[in-house]
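Participant: Sequence first, predicted model second:
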Amino acid sequence: MESIRSAIRRRSGLWNNQDFIRFWIGETIANFGGQLGAIALPIIAAVTLGANPFQMGLLSASGSLPRMLVGIFAGTWVDQRKRRPIMINVNLLRAGVLLVIPIASIFGILNFPLLLAVSVTLGMLGIIFDSAWSAMVPNLVDRTDLADANGKLWASMSLAQIAGPALAGTLIAWLTGPYVLAITAVGLLAAAYAMSLIQKPEPDLTRKVHTGRGEILRNIREGYLELIRNPIVRPLTTTMVGANFGSGIFSAVFVLLLTNELELSTRGVGVIYAMGGFGALVGSIVAAPWAKKYGFGKVIVIGPFIQGFSNSFFTVAVFTTQSVGVALVGIFSFIGWIFLQAYDINRFSLRQAVTRPNLMGRVASSTMTLIAAVMMLGSLVGGTIGQIWGLAPALALGALSQIAAGFLTLRSPIPAIKTLPRPEDIETIPVGDEPDSTDDVEPVVA
């Protein structure tokens, strides 16, 4: 009888890809470390340093603001260099930065400005790492395995989101926040070591980016132009921007829905977030099989619609009894995250497949910069609406924004895509020409 392991290996060539396995192990360790750090930093601020609400707001913003500022330049810098050394060195730097906190605690010099500086530095290093990460995966796996590879990587992220907070809470109770960050630093060192074992060389870029001091803006412009010129990347980007604007609205009022309207305890809030995490894990598992069965385009198109439809039940929860409201939020958080994760993985894989290697870093950083901007804008809009008109209108606007964003992909070549095309199969719009409509571009079907 054939062993289970042999059967699994036969189903996916990735299990025989040692370089990808090393990368996956390193990323999994780093993801769990990131979750520990995300919980430990605010707890250190609130409990150890007694930070006030304004300081807690500064700490929260300090992690995302660098994505808007550094993200503009990170992609250009990444596209000039090999990606694997960048990821290794960034993990080493992040470990060193995190160790500042426990060392400062031991010597009694830990304070809020130092904590804030650590958070900002980690945010800047994170955008550099993510720009290199998205460009590294296509070099490690075959094009046909991209969705499977991204599904495994995102499944690790989902597991970290589910188990990370509970693990962080337990460790912090035992060891205190600063020492948990020391454990996180050790994990990042292990992640760097795992990635250092990758043997597959990176190909030389087919076209060097402009390196002169006066060409920096031109390099940045090339990354953003690719979001417009590429007839596949363009609708992926516009839909993602609209969907994340809606997510920003939700992020401003969702916790208030759970605590004020549904009167959940902190443990209850954690259960609701865990339901979303389990949904994301399921979405990670089914993303590649769904793409293979139904086609990449159909899975990508349906994602924002299902997410928006699921989130619309959060508005309904405001007007129901507590038990019904909690049930609606829990069930539709689970369902919405399944389709959101499947959408994200296949969208990400398609963008990787149709982006030229010498532009991957800039396309990734440009995309993340846009996400950070619209998320921040959405949060401001959601908070303002929630303050003036109440939570229900804000929740409804968030859901409608996500549904509306889905139409931007629906009216594009993407629904016809069954398998991943190659960059050379995409006829881009010449630089300087303004695209008229995504409907004018013939579908690309591999």
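Facilitator: Yes, it's here. Numbering: from 1, shown residues only.
Participant: what comes up buried for stretch 39-56?
Facilitator: Neighbour-count burial for stretch 39-56, counted by 16 or more other C-beta atoms under 10 Å, picks out 39, 40, 41, 42, 44, 45, 46, 48, 49, 51, 55. Any C-beta I mention is one placed from the backbone N, CA and C, and that applies to glycine too.
Participant: need the contact list for the second one.
Facilitator: With contacts defined as C-beta atoms under 8 Å, 6 or more residues apart in numbering, residue 40 is in contact with 168, 172, 177, 178, 180, 181, 184.
Participant: mind running it again at 6 Å?
Facilitator: Going by C-beta atoms under 6 Å, 6 or more residues apart in numbering, residue 40 touches 177, 180, 181.
Participant: re the thing from before, possible to save the buried residues of stretch 39-56 as CSV with pLDDT, distance to residue 287 and secondary structure?
Facilitator: Putting those into CSV (pLDDT from 0 to 100; distance: C-beta to C-beta, whole Å; DSSP: H, G, I helix; E, B strand; the rest coil) gives the following:
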residue, pLDDT, distance to residue 287, secondary structure
39, 74, 27, helix
40, 80, 30, helix
41, 83, 31, helix
42, 78, 31, helix
44, 82, 36, helix
45, 80, 36, helix
46, 73, 36, helix
48, 81, 40, helix
49, 83, 41, coil
51, 75, 39, coil
55, 71, 39, helix
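Participant: Give me the contacts around stretch 117-127.
Facilitator: Contact with stretch 117-127 is made by 59, 62-63, 66-67, 70-71, 74, 90, 93-94, 97, 100, as judged by C-beta under 6 Å, 6+ apart.
Participant: Return the set of buried residues in it.
Facilitator: Judged by neighbour count using 16+ other C-beta under 10 Å, the buried positions of stretch 117-127 are 118, 119, 120, 121, 122, 123, 124, 125, 126, 127.
Participant: first vs last residue of stretch 98-112, how far apart are they?
Facilitator: Stretch 98-112 has an end-to-end distance of 14 Å (C-alpha to C-alpha, to the nearest Å).
Participant: ok, now stretch 313-323?
Facilitator: Chord length of stretch 313-323, first to last residue, is 14 Å (C-alpha to C-alpha).
Participant: average pLDDT across it?
Facilitator: The predicted model gives stretch 313-323 an average pLDDT of 92.
Participant: re earlier: make a markdown table out of the buried residues of stretch 117-127 and add pLDDT, distance to residue 315 and secondary structure.
Facilitator: Shown next, in a markdown table, are the buried residues of stretch 117-127 (pLDDT from 0 to 100; distance: C-beta to C-beta, whole Å; three-state DSSP):
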| residue | pLDDT | distance to residue 315 | secondary structure |
| --- | --- | --- | --- |
| 118 | 91 | 38 | helix |
| 119 | 86 | 33 | helix |
| 120 | 86 | 36 | helix |
| 121 | 90 | 39 | helix |
| 122 | 88 | 35 | helix |
| 123 | 82 | 32 | helix |
| 124 | 85 | 37 | helix |
| 125 | 88 | 38 | helix |
| 126 | 84 | 33 | helix |
| 127 | 80 | 33 | helix |
